[in-house]
Structure formats: structure tokens, C-alpha cells
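1. no letters, just coordinates:
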């Protein structure tokens, strides 16, 4: 089994700058986390699954730290994504491959760790060798 992790900020327009100083800026808040899969079932000899999570924020800007809980029970490395002020959505992608004759049933879930904990619903996949 292999997994590829990618975080993609859904951005457009001009990039903003960072100003250090007094903390009068609003703090980034996560409003919602959802995940979808391009497929839910697969069969031998191999299958690839693609999960895309959408993290909705209040647009305040700041850093999100996230990781995936993979269908094989492992967790990805923690990744930090800088969200520009005014941006309300960030997408995170997990690609997960299964091969061989061993069946697998598992779930994928995006876990936002900061600025406050939030998790997506679990998305179940099945891999079978009929």
C-alpha cells in the first residue's frame, strides 16, 4: 500500500504580505471540514483511491496544520498550510493505492490540528479479491 499526500490552497488573485507586530488581526477559525472520494470500491490486482478534503475557514488568514488518517490505519506526516487572509477554502488531497490479494476495508479522514481541532467525516473504502 502506498499513499501520496498533497495540500493545495484554493487561491487566486494577488498574494498578501505578512506583517509582524501587535496582534490586532483576527485569528483563523475552521468552520467546516468535508471529504469526498473518487471511488469507494476496488478489486485485485490493484486499486487507487483519491480523497479530497475541503477545509472552510472564516477567511481571517493564518496557518492550518493537518494530517490524514489513512484507510490502512496509518497517519500521514503533519503538514502546515499558510492560508492568506480572505481565503475561505483550502483543499487537501490524499492518494492511496492498494495492491495484492489481501482485502482491505478502512476509512480516510482529514484531521485539522490547529488553529483548533476539527475532523472530516470518515469516508469508507473497500478493496476485495473476488
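-> Okay, I see it. No experiment lies behind these values; they were computed from the predicted model shown. Residues are numbered from 1 along each chain as shown.

2. buried stuff in stretch 101-111?
-> 104, 106, 107, 108, 109, 110, 111 (16 or more other Cβ atoms under 10 Å). Every C-beta, even on glycine, is put in place using the N, C-alpha and C of the backbone.

3. nearest to residue 126 among these?
-> residue 104 (7.4 Å; Cβ to Cβ).

4. what about the residue nearest to residue 29 when sequence neighbours are not counted, how many neighbours?
-> Ranked by Cβ to Cβ, 6 or more residues apart in numbering and with sequence neighbours excluded, the top spatial neighbour of residue 29 is residue 58, at 4.4 Å. Residue 58: 13 surrounding residues under other Cβ atoms under 10 Å.

5. so where's the protein shaky on pLDDT?
-> In the predicted model of the chain, residues 1-25 satisfy pLDDT under 70.

6. what sits opposite the most centrally placed residue in it in the beta ladder?
-> Centrality entry for the chain: nearest residue to the mean C-alpha point is residue 92, 3.6 Å, by Cα atoms, centre = their mean. Judged by DSSP bridges, the bridge partners of residue 92 are residue 7, residue 53.
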